[in-house]
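1. the following block contains a protein sequence and its predicted model.
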Amino acid sequence: MSFGVVEGETIVAIEGHPFAEIKKTDQRWAVADVRLLSPILPSKVVCVGRNYVDHAAEHGAEVPKEPLLFLKPSTSVIGPNDPIRLPPQSKQVEHEAELAVVIGVTGARRVDRADAQKAVFGYTCANDVTARDLQRSDGQWTRAKGFDSFCPIGPWIDTAVDVSDAEVRCEVNEEVRQLGRTSQMVFDVPTLISYVSHVMTLLPGDVILTGTPAGVSPLKDGDLVSVQIAGLGDLRNPVLTL
């Protein structure tokens, strides 16, 4: 297992981790010949609820006046093609396609909005899988959002893409379920980084999930769910019952 840099259809292995000077090695593999893991194993995943007006509306909820934060455990993170496992405790597990921001600096704390972009290492796709029935019954979101496999991330991190107006799409069995744009977010990426960093210190590899557009719907055993964000690839995960 190692980190690498994608160059066309080839992955070039690097020494150590990507949050320092990147030093390429002589090891190379074809992308088609490797198993991609989650591109990062964060110390924490910070999520933002109701950050799209249409998603708040589909649940009859108000748009928050400040970013609504919650956490997913690092143990919920899986990579491309890893299965989302439906727990027996829930009868309504749903997909939530989201843009994920990967932090790249040490000790991002109390960051000004104007400087927030300096804290970004890159972006990737994510799926904030949610046990909707448990979210409603519990009155808080930890259990509903925290099951193992409930945070697919990938397929890779892009360090140069412009995500200010990127399309966010979710397909289940090739049927479009969600379709939105990052420009529709209530709170944009710099605002979210600044807000979160005034609550908790962000570390290299930490991930911020930026909210989901409307169209969330239940997943069932045998489904194939795909999260696609323009410029960031296609994050695909099968759905299986535990």
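-> Nice, thanks for sending it over. This one's a predicted model, so the numbers in the text were calculated from it and none came from an experiment.

2. list of residues touching the helix or strand hosting residue 28?
-> Residue 28 belongs to strand 24-30 when assigned by DSSP states H and E. With CB atoms under 8 Å, 6 or more residues apart in numbering as the test, strand 24-30 has contacts from 2, 4-5, 9-15. In this view, the C-beta of every residue, glycine as well, is placed from N, C-alpha and C.

3. so which bits of it are buried?
-> Residues of strand 24-30 classed as buried: none (neighbour count, 16 or more other CB atoms under 10 Å).

4. mind picking the two most distant members of the contacts of strand 24-30?
-> 9 and 15 (22.2 Å; CB to CB).

5. of these two, who's got more company?
-> residue 15 (13 against 10; other CB atoms under 10 Å).

6. about what we covered before: ok, the strand holding residue 28: who's next to it in the sheet?
-> Strand partners for strand 24-30, identified by DSSP bridges, are recorded as strand 10-14 (antiparallel).

7. got a ChimeraX select line for the buried ones in the contacts of strand 24-30?
-> Per 16+ other CB under 10 Å, the buried members of the contacts of strand 24-30 correspond to this ChimeraX selection:
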select :4,11,14
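
8. which of the contacts of strand 24-30 lies closest to residue 163?
-> The closest of the contacts of strand 24-30 to residue 163 turns out to be residue 5 (CB to CB; 19.7 Å).

9. in what helix or strand does that closest one lie?
-> Assigned by DSSP H and E, residue 5 belongs to strand 4-7.

10. tell me what that strand is packed against?
-> On a contact count with 3 or more CB pairs under 8 Å, 6 or more residues apart in numbering; DSSP states H and E, strand 4-7 meets strand 10-14.

11. centre of the chain to the strand it packs on, how far?
-> 23 Å (CA atoms, centre = their mean, to the nearest Å).

12. next one: stretch 56-73
-> In terms of CA atoms, centre = their mean, the centre of stretch 56-73 is found 16 Å from the chain centre.

13. pLDDT (mean, whole number) over it?
-> On average, the pLDDT along stretch 56-73 is 96.

14. one step back: adding distance to residue 192, write the contacts of strand 24-30 out as JSON lines.
-> Converted to JSON lines, these look like this (distance: CB to CB, whole Å):
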{"residue": "2", "distance to residue 192": "30"}
{"residue": "4", "distance to residue 192": "28"}
{"residue": "5", "distance to residue 192": "27"}
{"residue": "9", "distance to residue 192": "34"}
{"residue": "10", "distance to residue 192": "34"}
{"residue": "11", "distance to residue 192": "30"}
{"residue": "12", "distance to residue 192": "32"}
{"residue": "13", "distance to residue 192": "32"}
{"residue": "14", "distance to residue 192": "28"}
{"residue": "15", "distance to residue 192": "32"}
